[in-house]
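Engineer: No sequence on hand, only this structure:
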């Protein structure tokens, strides 16, 4: 047996292995460097119609929705903190000051995967998969849950002046109504393809869906298409009688109005920063955007 040949072959094999491993490591480092440089060069699009104000640190846990409460001078943030459809009791609500300082990160606990929010008479209402939580704002205590037996993915909430609470179920194409402690199906329609964002404009409920905005008369429930080709809508705000702002979760904000050309206000997709169900200060026209996986809230002011 020629030990010299065996030894030389082993050296050749080892050398080849080391070279291949080094090549893979160097290739990986190179790709990481390219990715890092691309991330640094990626730019956020900001329309001339809005200006950035502040952003929080990354302390939230999958923030899905923001609600600004003028009376309380507070911002509420729903944190999924896990799987959006899992009943894990990990979800919570945060409380912030209007300038973005976190007053209490886990202000209200005991939720699964909280999402859309609305306020009526000192009570905060929050969707939570297949139930609606009612929270006393003064004490920060959970008062009760309203179970919705056939719901699959309750998402957004909007409340009218009478206290009627409208809730979207994105998976069942249903809009529910909670009034005087009773939850009922308000609209069930295949025309509402993945309903999500809700807002009230005059006598209509506007419903953001997978590809358009539908308006439904609050009295007779008659539905008509309002704005087409929107893409998948997440957050939706109505203001000044005829204007809309909506988000598409991936990182875009749009300004729209009936008969007007839709205008992009914000695009954070190059940095993979989401724009989920945002809040709005109607008086100061400040937009509060939850960034979902980015775990922050960012604020922007809509210029006059």
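Structural biologist: Yep, that arrived. Since this is a predicted model, take the numbers as computed values, not measurements. Numbers count the residues shown, from 1 in each chain.
Engineer: which residues in this structure form helices?
Structural biologist: 3-41 (DSSP state H).
Engineer: how far is the longest strand seen in it from where the chain is centred?
Structural biologist: Longest strand in the chain by number of residues (criterion: DSSP state E): strand 102-111. A distance of 18 Å separates the centroid of the chain from that of strand 102-111, by CA atoms, centre = their mean, to the nearest Å.
Engineer: ditto for stretch 173-193
Structural biologist: 21 Å.
Engineer: Tell me which residues are up against that stretch.
Structural biologist: With CB atoms under 8 Å, 6 or more residues apart in numbering as the test, stretch 173-193 has contacts from 125, 132, 146-148, 150-151, 154, 162-169, 172, 194-195, 198, 205, 207, 209-211, 214, 216, 221, 223. Yep, even glycine has a C-beta here, placed from its N, CA and C like the rest.
Engineer: give me that answer again for 7 Å
Structural biologist: The set of residues that contact stretch 173-193 without belonging to it, under CB atoms under 7 Å, 6 or more residues apart in numbering, is 132, 146, 148, 163-169, 195, 207, 209-211, 214, 216, 221, 223.
Engineer: what pLDDT does residue 257 get?
Structural biologist: pLDDT recorded at residue 257 is 88.
Engineer: cool, and residue 104?
Structural biologist: Here, the pLDDT recorded for residue 104 equals 98.
Engineer: partners of it in the sheet?
Structural biologist: Note on residue 104: beta-bridge partners by DSSP bridges are residue 95.
Engineer: And it, how close does it get to residue 70?
Structural biologist: Plainly put, residue 104 is 19 Å away from residue 70 if you go by CB to CB, to the nearest Å.
Engineer: Please apply the same query to residue 111.
Structural biologist: Taking CB to CB, one finds residue 111 at 24 Å from residue 70.
Engineer: So between the two, which is more surrounded?
Structural biologist: Just comparing residue 111 and residue 70: by other CB atoms under 10 Å the higher neighbour count belongs to residue 111, 27 against 12.
Engineer: Would you agree the more buried one is in contact with residue 127?
Structural biologist: No. Residue 111 lies out of contact with residue 127 (CB atoms under 7 Å); the separation is 9.7 Å.
Engineer: Quick check: the nearest residue to residue 116 once chain neighbours are set aside vs residue 42, distance?
Structural biologist: Distance criterion CB to CB, 6 or more residues apart in numbering; nearest residue to residue 116, sequence neighbours excluded, is residue 156 at 3.7 Å. Here residue 156 is placed at a distance of 29 Å from residue 42 (CB to CB).
Engineer: the more surrounded of these two?
Structural biologist: Taking neighbours as other CB under 10 Å, residue 156 and residue 42 compare with residue 156 leading, 28 against 13.
Engineer: Compute the distance between that one and residue 61, please.
Structural biologist: For residue 156, the distance to residue 61 - CB to CB - is 20 Å.
Engineer: now swap in residue 125 and tell me
Structural biologist: With distances taken as CB to CB, residue 125 is found 21 Å from residue 61.
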